[in-house]
Structure formats: structure tokens, C-alpha cells
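# Sequence and predicted structure below; questions after.
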Number of protein chains: 6
Amino acid sequence: MHRLLITGAAGGIGQIMRKKLRSLATILRLSDISDLGEAAAHEEIVPCDLADSKGVRDLVAGCDGILHLGGMAGEAPSSQIVGINVTGCLNLYEAARAHGMPRILLASSQHAMGFYRQNEQLDATMPMRPDGLYGLSKCFSELTAQMYFDKFGQETAIVRIGSCFEAPRDRRMLATWLSYDDFASLVDRVFKVPRLGCATVWGVSNNDARWWDNRAANFLGWQPKDNAAEYRAHIEATQPMPDPASPASVYQGGPFVEKPIVHDL
Amino acid sequence: MHRLLITGAAGGIGQIMRKKLRSLATILRLSDISDLGEAAAHEEIVPCDLADSKGVRDLVAGCDGILHLGGMAGEAPSSQIVGINVTGCLNLYEAARAHGMPRILLASSQHAMGFYRQNEQLDATMPMRPDGLYGLSKCFSELTAQMYFDKFGQETAIVRIGSCFEAPRDRRMLATWLSYDDFASLVDRVFKVPRLGCATVWGVSNNDARWWDNRAANFLGWQPKDNAAEYRAHIEATQPMPDPASPASVYQGGPFVEKPIVHDL
Amino acid sequence: MHRLLITGAAGGIGQIMRKKLRSLATILRLSDISDLGEAAAHEEIVPCDLADSKGVRDLVAGCDGILHLGGMAGEAPSSQIVGINVTGCLNLYEAARAHGMPRILLASSQHAMGFYRQNEQLDATMPMRPDGLYGLSKCFSELTAQMYFDKFGQETAIVRIGSCFEAPRDRRMLATWLSYDDFASLVDRVFKVPRLGCATVWGVSNNDARWWDNRAANFLGWQPKDNAAEYRAHIEATQPMPDPASPASVYQGGPFVEKPIVHDL
Amino acid sequence: MHRLLITGAAGGIGQIMRKKLRSLATILRLSDISDLGEAAAHEEIVPCDLADSKGVRDLVAGCDGILHLGGMAGEAPSSQIVGINVTGCLNLYEAARAHGMPRILLASSQHAMGFYRQNEQLDATMPMRPDGLYGLSKCFSELTAQMYFDKFGQETAIVRIGSCFEAPRDRRMLATWLSYDDFASLVDRVFKVPRLGCATVWGVSNNDARWWDNRAANFLGWQPKDNAAEYRAHIEATQPMPDPASPASVYQGGPFVEKPIVHDL
Amino acid sequence: MHRLLITGAAGGIGQIMRKKLRSLATILRLSDISDLGEAAAHEEIVPCDLADSKGVRDLVAGCDGILHLGGMAGEAPSSQIVGINVTGCLNLYEAARAHGMPRILLASSQHAMGFYRQNEQLDATMPMRPDGLYGLSKCFSELTAQMYFDKFGQETAIVRIGSCFEAPRDRRMLATWLSYDDFASLVDRVFKVPRLGCATVWGVSNNDARWWDNRAANFLGWQPKDNAAEYRAHIEATQPMPDPASPASVYQGGPFVEKPIVHDL
Amino acid sequence: MHRLLITGAAGGIGQIMRKKLRSLATILRLSDISDLGEAAAHEEIVPCDLADSKGVRDLVAGCDGILHLGGMAGEAPSSQIVGINVTGCLNLYEAARAHGMPRILLASSQHAMGFYRQNEQLDATMPMRPDGLYGLSKCFSELTAQMYFDKFGQETAIVRIGSCFEAPRDRRMLATWLSYDDFASLVDRVFKVPRLGCATVWGVSNNDARWWDNRAANFLGWQPKDNAAEYRAHIEATQPMPDPASPASVYQGGPFVEKPIVHDL
């Protein structure tokens, strides 16, 4: 791959991927509205607001692949959810359509499915159950990807990221944790497989505790290596047992299911 | 029911429902941005733009039920899809939440699922496959309804309307036709059943040709009576056979799957 | 059929079947612990306590078929549930095994599945969810039937009766009603089909509102004719709307889900 | 349709269809190895051995549709099964490919699925379980149709005919009967639907007793009208009860499951 | 956990768990009708007959968790099955309800499902098929657990134990073996997971030969480590090949499916 | 096992199995129409044309097991497909029936399912979709095996071989590769398991990239050890990226889906 665009490159995951993916393309084009520091020799820095349709079109020009991490990465007021995530997603897919349809890895979220219970096993085809406006915008993005594939052939890997951190932070993340290395190896597979289509992948490591069935993505040949169970004894020893009746214990979305909706449109 | 709000009451279906549902509530509150004529004795006319958050909140106040037909009813540029359908939907659900959560019948569309093939049988749980921006906005509305139910208990009947006209107009509508009477009887059931939850219903008559399985909505006790097959001989005799290879013959969305995307945000 | 045994023949359904089934066998052997009145020419009256193992063995001798309606027909203390329903069921199946394994129609109940929600569609294979001790005993009876079939070849029609009355009595029965005529025609089919196996049948009329899918019993050729929807207008006009949040509105078992457990063993 | 070819036109079903389908096409081309009598004004008679590759190619030339009833219509020695049914099927599909791929209605048989039990519900997608060499050749034909569709786009309606007679003849046919009128109306739908694909249809009337689920063919708009139940009282009154343990009572294929295999290749 | 009750603590599995689980709770309360020897410092020994309702209530008082291994652990006459297993189960759940509903691990058995064939894959939701009175009592216990969860919120892990021994003893146990260590780690997970609900788990090690799919229990994070395949070469070399046609070779329940029913109620 | 017959023993897989399976039986009977070289001490060489019914009968006499690798192993003209594969399969099963029904391992092929897409997950029960005449003959063989099992009890392991070579040769084989060792261990399990029935197994190693779900064969206890992913870096580095739009990239059958049909019967 000659040029890989990373949107949201200044964010938590973006900063890590900037380092881990440097050998995946000759040039990494990094974009964000926040400061991205100095560009290394193999990097291009292109600040861009995803809500700016024209800017996004320019941003995508010349790229062979897109790792789309940009947008609001958590619950936010409806003006931002619609103005940035919904609009930004349309801007990105239109830009890709205008520029040869480079393959896209779309960072979706488990919060598109957050109202399933923690003892339910989900696969890639079950109905969406977003746990808030943020989850709703991720559903919208997933369906945009599906529509552009059905209508134009645009390929996307929809990755429903669980909890992508250095290490799992609480009991819930024993099931939802995605290690940085496993995410990086997934990105590698997504951009190297000959044919991607529009595939939905649960972005989760090889944890003993599992809520999500990745069978539909087996064709990618992705095999996550890390396991949150290594952190279990420590977490169980140091954190208080949560109230089993609280929504955050019942639902996969955890604390997101209880966050308020702020409507300011 | 004391007061039933009908949004989009000046539209094609809205005008018919205005007549057919007059005995369903003491007062029909009719709303649209287009002219609604004179209010009858049992009617209230309240013009409102769905994109106006405050206006919608006032519109919903005092209503016991909402038949939500408003918004763009076909493919449209992204500025209208986001500005009216997406925003309007959020406005409506926030307004309902602010005013006691009256039951909502949400007019969704088969175009939320338009990229399935005509020889596939769909049920209420299969993944969405919108056939354009309009279909995408219907997906968004359905998922908004689901989220407000999961989070707040707001009840909605999501009705995926096929082709709601006086009579089926072409071969495709032999499968997708929803008669006005059958739609009216569905509205009746939705507002009379003791507990609705968030139910997805295919809005289609009892046609011999069927693409959609309404089993998940059996609990409503809705039994459509009309059958497009009565029009089959006439349609087959008077209309040329469509090209079986054209997308409009292959996909359930028919001509919608070939409509262009206009992005003007 | 020469001799058909009806247990529980003095009960509500038993009295009706006594009349409706008179042509199904040369002799109807009627049994109950309550008074059964005078025997007609084609009838034999054999009082019997189902908890009496030896009595049940004698009761079954010489019968070609058994319509097993006997036992506690509603929630009851555990001593009666175990002493009569559980023990009586074992007594009956052992008696049948000792006497040539006459075909059995076992009156089970929807209360074996009462904790499913009213908007869920059930078929014959879904996990049991009894709504009390009565439902639990029905589960036990169903599984006894299954075990005697697997182990010995004893045939049974397990009929999960909804609400078998003269007419539906409330909104819930618009979905659960089984008319007497439909039940009688089901009994007819069960005893006339060449091979029955161990089949689970939902005992419900052809109601517009349906919670139960009888596909697995289609081989019987049973086609219920009555429809509770004929009573809907009257019921909706004369009965207050139930609280949609009450367990009785949420669950299929209706008021049974709220009945207390009385444990007196 | 200008010219419809009927193979096996001298057989039981062929003779009836010759009469019932006369208005379906301007010309009926009738073929068989047996005598077909005089051609009527709208008929062409073209004798042909299906095992003759060249003859079949000529037979198909100029036809717009094919109703393929020809070949051995019951259990037969392997030399005939392979020599006529297997080879004949390949000959027919190659001929169709050479001549513009006219739509084909392939007369398959329930004996492609004969080893399922009579209390099992089958749909169009369950694994094949042929009950002898005849059934095996029908499986082969169905898969040939599927392969020619996947590879070349050749359209076929695979019709698994139950028991196509004037009336049901025994208890088993209460479930398997296909009336002549219902078959004729199915042929009509198959050749008039704009897009057929490669569809599997159970060829069975609207009988109360059902083993087969035709949902996958709902898109055709075919609605069978006849019901074997009208003959039930007569059949049950005049025929002895079959042994429920005999294979013919257990399996859907009935007596076919017990027929010997004659291998003479 | 402060106090864990182990019923059936003098039985085969009970004696092992007494040792392996000593660090799981501050106090192990051990109960049986057989002799339990001396209590260690961290143990309490409370003899109790499960058929004694009052005794069981006292037994459960003060416990934070229950490992319920008690009752008849194999085929037995109906008087014992009903008198001990059925009654004992009701006694236990009523006792738990009276004392704060401590979490229960219910030792069920594969014999609740023994009449499935050895080449069938079972999951947690398939219909029960008990292979005798013992299996029937296990079904009853599982459904009691489900009912107390649905009605009162009582949490249970239903563990369908395969063959829990030091090592697999025959070819069948190559698929059914549960090592002591794996069972102990399962108990650990069941009592440490924040929210259990009413979960069905197949109690089986990580054997190469598998009949059971534990996906529904993935949320527990239990990962069995042992594998019966390590014993395969030895078993195949030293044991005669069983008759493949015998019921014990056909069905998952093995020799249980052929055990006689003894009815002495 | 005393005598194991290997048909097609001179072919690519046959030559390897001749070496790897020498300890599986006292005598290996090797057969082919090509030269098989010298027989070792534990070998018998019996040349045979599978199209010769009498020859095949003699070939099978005295064998306790059959590894059936013989026949055309790739696309071929219809005369060979019917004359060798179809006829040869019938010859083999009739010979087995005549000689005590020794267990058969039937070498089927993924080309029986070649028209599924590479991002679809297949299991053992999905409808067949052959990608040519070769695949069609494999379907026929699988169904012959099923019919002989249902009718006569003949046991077969139907093994859908992916790509059985020394190493994977291209990107597609990263998903389809079956190592020789893994195939040999599968043969071992098939002939040692007490009861086989008629089981369908995907013949594929433990590759990271997976299209096929072998759950239905879990009862065999087969655990493949090799993983094509070890060859991935090399293959991706040395082979050009295939055109993602070419049928060979889209369908599981790869280049087979584009091979022409040669009909010369």
C-alpha cells in the first residue's frame, strides 16, 4: 500500500496505530482536528474537520486505504453526533467514492449493540441495539458502509471495537478488551486480504470471557493473540464487586446504557 | 385515545389516514409543512417543521399517540435527509420523552431493506440493507426507536411500509402493496394492544406474492384482508415484462437501488 | 377405537369432551375423583385417584387410547403438585406401559412456557419456562412422555392448552383461546393419524393474535376453525385496559406469573 | 410465450398438462418416446429419446420455455437411472445453454427427500436424503440446475412433486397430494414471474396435513387452492390403518424407502 | 465468599471438591446423609436429609453460596427419585428463597439429554431428552432453577456434568469426561462472576471429541484445560470395540438408556 | 483393521497415504488404473477400473475398510464424469453392500460447494452448490453415501477435501489447505471411532483463515494440527495480488468456477 490515511490520528488508538502501522504503507497520512506534532519522514500530516465536506474530499485524494478512527469517540450532544459523526461519515464515503474507492476500516463500536445483556452471545448479523446517541451514530456509519458496498462496491471492514486500551481496566473489560497488538494485526489483515467485501468484525482479543462470535470474519485469517484473563486475578483482587442489578452489570454497553441523552439540535 | 397526532398529514398516506382514522381518537391533531385545509370539528391543525426542535416539542404536547408519517418520503439530497429525517426523528423522540412518552407508530419503509433480492424472504430481525440515503434515514429512525425503548421504555411500532397506494401499480407491487384499509386496521391494532414494546411490522397486505414474514408481529392480532393478486391479471396483461437483469428486477427496493446519491451537506 | 379413557372427566374440559367425543370410540371410560353422574349406554365410569398407582393400572387396562385431563388444573401447593401431578403422571405412563402402550393425549399447558413475553413467538422446541409449580409439573409430564417414547416407543400428543373455554374472557385470551370444537377436532386427529410419535402441539384456535407456531404439528392435519378475534370488539369495549407494566401484561402466563409458591411438602 | 416444450408429454402428468396449459403458449411442442397421438392445431409433436444428446439439442431449439417431465418416473435399475435420467438431464441443460437458455420447470420429486420422517417439516434448504436410485437421479438433476444457474445464469424452477393425481389415494397422500389444477397454476406462475433464478418449490396442494414449507417460493405468488382434507373422511373410512412401524409409515418417501436397488450397469 | 454450602459432600465429586475448593470461602459447610468424617478448622459438618424440608431450611441459613451435589446420583426407583431428588430440589430452592437467595451451582447431568445421538451437537437450548427417571429428576431440577430465576431472581448455574472422574474410563468418556480440576475452576468462575443469571453450562473438559457446545456460557470466562484425548491411545488399545448397534453406542446417555424403570411409588 | 482398500492409490494423495497409513491395517490393498509399482510385504496391489462393476465387486471382497480416493480428480468431460465417477460410485457402494458393508471414507471435494463466496461460512448441512461437472459428481457420491446409509446402514465419512498438498500454494489455499498429516490423522479417526454413521467432514487443516465449520464432525475427536498461516508471509510476499473481482477471487471454488463444461456424452 502506498498511502494509508488515518483519521482521528491524535486520539488514544490513533496515536498507537501511528506507531504500530508504520510498515503497512509507504506513507501514513495522518489527520485530526487536534495537534499531531511533527511529521516523521514517512508521514504526512493533514489537519481536517470531518464535518467539512470539501476538506474531507481533499484529504482522501491519493490514498489507497483509510483507517477511519475520527469523530466523537463517546457519548456527546446530538448536535455533535449529527454534525460530526453522521455528517462526517457521509463526507468520508462520498470522498472515497470520488477517489477510486480505497478500502476503509471503519472504527465502529460495541455501543452499536450495547443493550444486549452480558450473558448473550452476539454475532455479526443480530439486530443493532445502540445504547445512546454515540452508538446510534455508529449504527448509522455501519449502514452507510453497507449501502455504499451494495450500491457502488465500496469495501469496508466494520470493526466493532470493544475496549481498546493498554490493559483491561475492570471486570467488564475481561470480555471486551482489545489489545493494541491485536488491533494492529487486524488492520494488517483487513488491508492485505484479496477481497474484503463489507465485513463486520468484533474488535476483541482472544479473551477467555467472550460475548461475541467472530465466525463471519473467519475468512480474514485474523487470529488475536492476547487474553484479558491474564489480568483477571489482579482485577478481581483489587476492585470491588459491582452491583449485579445495576444496568452497567446487566448490559454489554456497561456505563453507557445509563448516560443521559443531551439533545441540543 | 383522546388526541392522536398525525405528522405528514398532508402527504399521500396522511390524507387518507386523516379520513379513515377519525374514529380512533376524539381529536386528530394534524401537522405538516404543507397546507392541510380546513380543520373539521374533531380536528386540530398545527403546522410544524420537523427540523424545528422546539416546534416539535410543542406539537407533541398533549397527545396520547403519534402516527409519524412526516419527513422526506423518498430519495433526497443528504442535506434534507440529515436536516429533516435524521434531525426530525431525534426531535420527535425527545419531544415524546418530554411529554409522557405517547405510543408512536413510526412510518419506516421497505427501503431500509431494499438491497435484499426479490426471492429472499425477510423477517423482522435480519440486518438492514438500505438502498439509498432515504433508506438510511429510515434505518436511523428505527434504531432511534429501539434505543428510546431500551433506555426509556418509549413504545413504538416500526412499520416498514411497502407500497401504500389505492392499488398496486406494477409487477413489483404485487408483492409490496399495502392497501389503505389494511394500513388503517394496522394503526388501529397498534394503538389498542395493551403492550406494544418496540415491534417491527412489515406494512404489507395479504398478497399471494410475499417477500416478508410478519411472524414477529403476530401478537398484534393484525390480519390484513386485501390481496394484490386481484390486480395481477390486469397488470400482467397491460404492462411490458421488465428486464429480469436490471437491478430494479433483482432487488426488493426496485428503482430505488439505482437512484443516485446527491451529497450537498 | 374401542375404548377411550378420559381422566379428569368431571372437570371443565372433561365434561365437554365427554359429550363431543362420544363417536370417537365405542366405549368412553370416564374417570375422576369427583362425581361423574350416571353412565350413558356407551360409557363406563371408573372413579380413580391418580396418586394411587395400583388403581391407575387397573383404570388403564383394556383401553385403546387415553385423553389425560386429570390432575390439579391450576397452581397448587407443592404437596399436591408432587403427590398428584408428578406421581400421577408416572403412574399413568407405567400403567400404559403395562397395558400395551395405548396412545396418550397429554393435557399440558401454556404455563409450562409462561415466562416468555407476549411479543415472543414460541414453537415446539424452545426451552421450557414454567410460571409456577403447576407449570413445573406440566414440564415434568411432557418430559416423562418424551422419555417413555424414546425408551419404549410409547406415543403421546403433548397438547399445551391455552385457554379452553366457551369464549375468550379477556384481552390475553384473544391470543390463547382454544374453542371446545377445535380441541375436539384435535383429539380426533391425534387418535386417527397412523403414526404420532411424541408430538408437541399448541392447543390454540385459529386466532388473529398468535404467540405460538404449530408448524411441528402440521403433519397431524389439524386445522382449527375458530377465531377469538370475533370477540375482540366486545372485549375491548367492555373491559378496562390492563396496566401494560404489570407482569400479567408482560408474560404469556398472565396472572399465573404472580401467583405465590406454596411449599408444604 | 411463443413455444413451450413439454417433455414426457405422454406420461400421467404430461397428458393432463397438455390440456391444461394450452393457453400458456402459442405453440406446445410435445415430446416423449411413447406415442403422443395426433397433434392439435396449436401443437407440435417431436418424438425424442432424452438419452440422445443431439436429438435433445434439436428438440429444444426454438423453445421459450421447457416443462421437463421426461425420464424414468419411478424406481428403476441403475442402467436406466444413469442412462436416461442422469444423462438426459445433462443433455437437456446443454441443449438449453446452446439455445438461449429458455426457462425450465424441472419436475423433481419428494423422493429426493424421501428419508425424512413424516413428522419432520422440510423447507427448500435442508440436506437431500434420496430414498433410492430414482430419488438420487432427482437430486442430481436439481444440482445440475443449480450449477447451470450459478455458472451460466440458466433459470430453473425445481418442483419437488408430491403425489400428482386426480385425487389422493391413501393416508400418506393427505399430506403429499398435488392437484392437477394447482400444478397447472404453478406452471403458469413459473413462466410469468419476471425473474425466477433457481428456485426450489414443493409441489403440493393446500392440504391441511403438511410436511413441507414453501416459504422460499413465496415470491412466485403461487397460491394452491385444493386441499386433500376433503378426501380424508373417505380414505380413513375405506382403507385399513397401516402398520405405524413399517418404513412406509415412518418415512416421507412411503413405499419407495423399501424398494430394492437394482444395479445392472 | 464467607460460607459455601456443599451438599452431597460425601459423594465421589463432593469429597474431591471439599479439598479443591477450600480457598473459595472462609467456611465450607459440608452436608450429606453419609458420614463426612472430621471437620477441619475451616469446615462445618451439618448432616441433613434433603427430603426434610425444615432441615434443609436450617442447612441453608447463613450461606453465601451453594454447591448442590446432593441427591440420588444415578438411576433409582421412582420413590427415591420423587422423594429425594424432586422433593429435595424444591426444599433447597425454598430454603434459598427464605435466606436471601444465595447463588446456587446445581449439579445437573448429561442424562437430562441422554437420548440424543452421539453424533449430534447439543447446545444449552435444545429440548431435554432424559434417559430415565434420574435424568427426568435432573430436568425437573433445571426447570425449578429456571422458574425461581424468572419469578424471584434466584441465580443458578445449571451444570450438566458429563463424566467427572480421575480419568476417562472408556471410549464414550473421551467425549464426556470432566476432570476434577476443570470442575473446580468452573465452580470458581460461577461464584466470582458479577452476574450469573440462570445459566446452563456443559460440565466437560476441553476434549478433542466434543458433543456439547458451551457457547452460551462463554460469558463466564471458564476455560477448561484438560483433554481426554491424552487417554485415547491407552483406552483404544486396552478396551474391546463396543457393538456400534447397541443403544449404549448410539446414544449420548450410554448404558443409562438401557436401564430399566423401577416404579415403586 | 485387517485389510484396508485404497482406491486411486497411484494419485497424488494416494501415494502419500500409502506411506502414512501403513500401520492402520495389517494389509493395505492398493488399487488404481495407473501403475502402482512393487507391492511391499504388507501390501496387495489389485489394478481395477472403477467403471467395471464386476471388477469393483472383487476388489472390495475381504476388505474391512475402504479409503475411496479413485475416480477423476478434477474437471473432466461429461462422458468421464458419468462413466467413471458416477458409475464408479454406484459400483463401489453395491460392492460394499455385497461384502458386509465395510466402512468407507469417501473423498469428496470442496468443489461440491464451490459456488459459495469466500466470505461465507459453510457447515455440513448447507445446500450443495457444485462448481462444475466434477463437483456435481462429488455431490452425487455424497448423496449415494447418504442413501446407502439410510436404506442399508452402510457407514461413510464424506470428507470434503480442500487443497491437499505438501504446502499451500496461493492465497486461496491459506483457507483451504489440508496437510498430509492432518488427512492421515483424520483417516485414523474415521476407522477407529466406534460408530460413524454417515458423517460429513470438511477436510481442512487448522488454518487461521477458515471458511468451513466442522462442528458436526466434532464427535470424531479429530483435531488437525497444521496451519497454513505459517506460509502466509511467504505467499503474500511472492505472489501478485489477484484481481478481487475475478470469479476465482469471489467464489470458494476458485479457478474451477470458470472452467468450461465439456459435454461429450
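Good, I have the coordinates.
# For A:L4, what is the enclosing helix or strand?
strand A:3-7 (DSSP states H and E).
# near chain F at all, that strand?
No: legend: contact between strand A:3-7 and chain F by Cβ under 8 Å from any Cβ of the partner chain is lacking; minimum distance shown is 15.9 Å. Just so you know, the C-beta spots here come from the backbone N, C-alpha and C atoms, and that holds for glycine as well.
# partner strands of that strand, parallel or antiparallel?
Looking at strand A:3-7 with DSSP bridges, its partner strands are strand A:27-30 (parallel), strand A:65-68 (parallel).
# who touches that strand?
Under the criterion Cβ atoms under 8 Å, 6 or more residues apart in numbering or on different chains, residues A:14, A:17-18, A:21, A:24-32, A:44, A:48, A:50, A:59-60, A:62-71, A:92, A:102, A:191 lie in contact with strand A:3-7.
# For it, the averaged confidence score.
Average pLDDT, strand A:3-7: 98.
# That one: how far from the chain's middle?
Chain-centre distance of strand A:3-7: 14 Å, with Cα atoms, centre = their mean, to the nearest Å.
# ok, A:V262 touching A:Q80?
No: A:V262 lies out of contact with A:Q80 (Cβ atoms under 8 Å); the separation is 9.2 Å.
# Just to check, A:D131 is in contact with A:V250?
No: if you go by Cβ under 8 Å, A:D131 and A:V250 don't touch, sitting 11.6 Å apart.
# ok, the two, which is more surrounded?
Taking other Cβ atoms under 10 Å in any protein chain shown, A:D131 and A:V250 do not tie; A:D131 has more neighbours (29 against 20).
# where's the more buried one relative to chain E, distance?
From A:D131 over to chain E the distance is 17 Å, taken as Cβ to the nearest Cβ, to the nearest Å.
# who's in contact with that residue?
When contacts are counted by Cβ under 8 Å, 6+ apart, A:D131 touches A:111, A:114-115, A:251, A:253, A:256-257, A:259, B:147, B:150-151.
# Go through the residues you listed and flag which are in strands.
Among those, none falls in strands (DSSP state E).
# hang on, the earlier thing: of the strands paired with strand A:3-7, flag the one that's most buried.
Mean neighbour count (mean count of other Cβ atoms under 10 Å in any protein chain shown) peaks for strand A:65-68 among the strands paired with strand A:3-7, with a mean of 26.
# helix or strand right after that one?
Strand A:65-68 is succeeded, C-terminally, by helix A:78-80 (DSSP H and E).
# could you say what helices and strands the next helix or strand after that following helix packs with?
Remark: after helix A:78-80, the chain's next helix or strand is helix A:87-98, criterion DSSP H and E. Helix A:87-98 sits against helix A:53-60, strand A:65-68, strand A:103-109, helix A:133-152, with contacts defined as 3 or more Cβ pairs under 8 Å, 6 or more residues apart in numbering or on different chains; DSSP states H and E.
# Just send these back as CSV, with mean pLDDT too.
Putting the helices and strands packed on helix A:87-98 into CSV (pLDDT from 0 to 100) gives the following:
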stretch, mean pLDDT
helix A:53-60, 98
strand A:65-68, 98
strand A:103-109, 98
helix A:133-152, 98
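# So for A:A9, which of those sits nearest?
strand A:65-68 (8.5 Å; Cβ to Cβ).
# Closest to the centroid, which residue in chain A?
Residue closest to the average C-alpha location in chain A (Cα atoms, centre = their mean): A:A107, at 2.1 Å.
# contacting residues for that residue?
For A:A107, the contact set (Cβ under 8 Å, 6+ apart) comprises A:8, A:13, A:67-69, A:159, A:161, A:203.
# And for A:L105?
Contacts for A:L105 were tallied using Cβ under 8 Å, 6+ apart; they are A:65-68, A:156-157, A:159, A:187, A:190-191.
# so which of the strands paired with strand A:3-7 comes closest to E:P244?
Proximity to E:P244 (Cβ to Cβ) singles out strand A:65-68 among these, at 55.1 Å.
# Centre of the chain to the closest one, how far?
What separates the centre of strand A:65-68 from the centre of its chain is 11 Å, taken as Cα atoms, centre = their mean.
# where does the closest residue to chain E within the stretch 51-200 of chain A land on pLDDT?
For the stretch 51-200 of chain A and chain E, the shortest gap (Cβ to the nearest Cβ) falls at A:N119, measuring 4.8 Å. At A:N119, the pLDDT value in this model is 97.
# Perfect, I'm done here.
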